[in-house]
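Colleague: Okay, predicted coordinates and the sequence, questions at the end:
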Protein chains: 2
Amino acid sequence: MTERNTKGRILDAAERLFARDGFHATSLRNITREASVNLAAVNYHFGSKEALISEVISRRMVPINRMRMGRLRAVMAESVNQQARPDVSEILSVFFRPTLVFLETSSQAKEFVTIIGRAMPEPDDTVRNILIGHLEPVFRYLLEILCFALPHVPYRVLYWRLQFALGAFSHVMRTARDPIFMPDDLKPEEDIGSIIDVLIPFLTAGMEEAVE
Amino acid sequence: MTERNTKGRILDAAERLFARDGFHATSLRNITREASVNLAAVNYHFGSKEALISEVISRRMVPINRMRMGRLRAVMAESVNQQARPDVSEILSVFFRPTLVFLETSSQAKEFVTIIGRAMPEPDDTVRNILIGHLEPVFRYLLEILCFALPHVPYRVLYWRLQFALGAFSHVMRTARDPIFMPDDLKPEEDIGSIIDVLIPFLTAGMEEAVE
DNA sequence: GTCTATAGATTGATAGAC
DNA sequence: GTCTATCAATCTATAGAC
């Protein structure tokens, strides 16, 4: 299912290597070798390594976040209609599940899950800001809806709880395929969806916990 | 409170710069300039950049983890004595609070909190394994005690929940001083202890949540 | 122990032929 | 659009004088 054209081949190879080795440790030479294209092709098609990183992130993040925003709006609208508080577990599902939407259609896209987890803690500001720019509107809307869902929890506490959720999520997305500290009598999960099934009740309980 | 000798000056400067810019983006030239020592001093005193990274991490992690293990054993012993299950909130406190132990004594050590959060998601295996090597025995013992505390939660679920806790913790340690997505009407916490005060009830609720 | 000078390797980017 | 060849900058690490 590899892309035929050079640009697509570069994007796929970059996605694979960024996921495996990180952004900084992956050189343009590694990428073009993996993609079987010429070194100069990256700068011809993308302009710079940074622009390539941006493209690798954007081509998946844009549709994922469009899906997230649409579903969050639906959850909010339904809540207003029924004059009921939105369900925290559903809010979190709507945020996390779209990450997996590509996994059924493309084996290549599995790499991307790791990339999200890599970009979040990236020390390089320019790289991290690419992800942050995509996530910021979603985060704000998510926080707003959580305020409706959990009016008894202070705003400041909800902000930090949402940060905890983000941290837990990015950590397991990054390490899911090669989990650290895994005891010998446990096996890595075969698919990431089953980790999210454990994650959502965990986070929901934490979100809903009363503040004394 | 800066160290007088060259070795200590290098360690402090490296800690500061690793925290701010990450391990990979910080060159030995940056470090020696910041420490006002000669470039060759790093290889004279430490042998290599990797060995310096290891030292920066170890000099704080060793005493922190010794404290953690001691307190965890105490929690476990008290539980056996009283024939009661250990308290989840206390277990988590015993793990998280020692991170802050240096903060009262040394302003320099504030940087280290960020470093833990940086080393955990580090793509470079050799760097990440330095931290993992320190944390592994603590993680295993922590998981064991959680099994005692929460016998109704399956082992596999507890493993992942502890991973979520680790992810949330490292994420906020890394971003606490410059939080992402911070709304205009919120201010960064003045000290990290107050974030941990929010974190522990959140994680405790998630840990204790019943599994259907 | 501290310094200068430099080796040796790798990187992102580009000029210019085809 | 694709290629070769190369520039200029960076890095870690080390040899050798003091």
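Modeller: Here it is on my side, so go on.
Colleague: If you count contacts, what does the host helix or strand of A:Ser194 end up packed against?
Modeller: Taking DSSP states H and E as the definition, A:Ser194 sits inside helix A:192-208. In terms of contacts (3 or more C-beta pairs under 8 Å, 6 or more residues apart in numbering or on different chains; DSSP states H and E), helix A:192-208 is packed against helix A:88-96, helix A:155-175, helix B:155-175, helix B:192-208. For every residue, glycine as well, the C-beta is placed using N, CA and C.
Colleague: cutoff 10 Å now
Modeller: Counting contacts by 3 or more C-beta pairs under 10 Å, 6 or more residues apart in numbering or on different chains; DSSP states H and E, helix A:192-208 is packed against helix A:88-96, helix A:110-119, helix A:125-149, helix A:155-175, helix B:155-175, helix B:192-208.
Colleague: Now for the residue lying closest to A:Phe164 once chain neighbours are set aside, how many residues are close by?
Modeller: Closest residue to A:Phe164 apart from its sequence neighbours, by C-beta to C-beta, 6 or more residues apart in numbering or on different chains: B:Ala168 at 3.9 Å. Counted with other C-beta atoms under 10 Å in any protein chain shown, the neighbours of B:Ala168 add up to 28.
Colleague: dump the residue contacts of A:Leu103.
Modeller: A:109-110, A:112-113, A:191-193 (C-beta atoms under 10 Å, 6 or more residues apart in numbering or on different chains).
Colleague: how about 8 Å then?
Modeller: Taking C-beta atoms under 8 Å, 6 or more residues apart in numbering or on different chains, we find A:Leu103 in contact with A:109-110, A:113, A:191-193.
Colleague: which of those residues has the weakest pLDDT?
Modeller: Across those, the bottom pLDDT score, 79, is held by A:Ala109.
Colleague: Show the backbone phi and psi for that residue.
Modeller: Here is the backbone geometry of A:Ala109 (degrees, to the nearest 10): phi -70, psi -10.
Colleague: before we move on, the earlier item: out of the helices and strands packed on helix A:192-208, which is closest to DNA strand D?
Modeller: When those are compared by C-beta to the nearest atom of the strand, helix A:125-149 sits nearest DNA strand D, at 15.7 Å.
Colleague: Buried residues, the closest one. List them.
Modeller: Going by neighbour count (16 or more other C-beta atoms under 10 Å in any protein chain shown), the buried part of helix A:125-149 is A:127-128, A:130-132, A:134-135, A:138-139, A:141-143, A:145-146, A:149.
Colleague: contacts for that helix?
Modeller: Against helix A:125-149 from outside (C-beta under 8 Å, 6+ apart): A:23, A:50, A:53-54, A:57-58, A:61-62, A:65, A:68-69, A:72, A:75-76, A:79, A:85-88, A:91, A:95, A:116, A:119-122, A:153, A:155, A:158-159, A:161-162, A:166, A:207, B:180-181, B:183.
Colleague: show me where pLDDT drops low in chain A?
Modeller: Counting by pLDDT under 70, chain A shows low-confidence ranges at A:1-3.
Colleague: how near is the residue most central in space within chain A to A:Ser170?
Modeller: The residue lying closest to the centre of chain A (C-alpha atoms, centre = their mean) is A:Ile116, at 4.2 Å. Separation of A:Ile116 from A:Ser170 (C-beta to C-beta, to the nearest Å): 7 Å.
Colleague: ditto for A:His152
Modeller: Distance, A:His152 to A:Ser170, by C-beta to C-beta: 28 Å.
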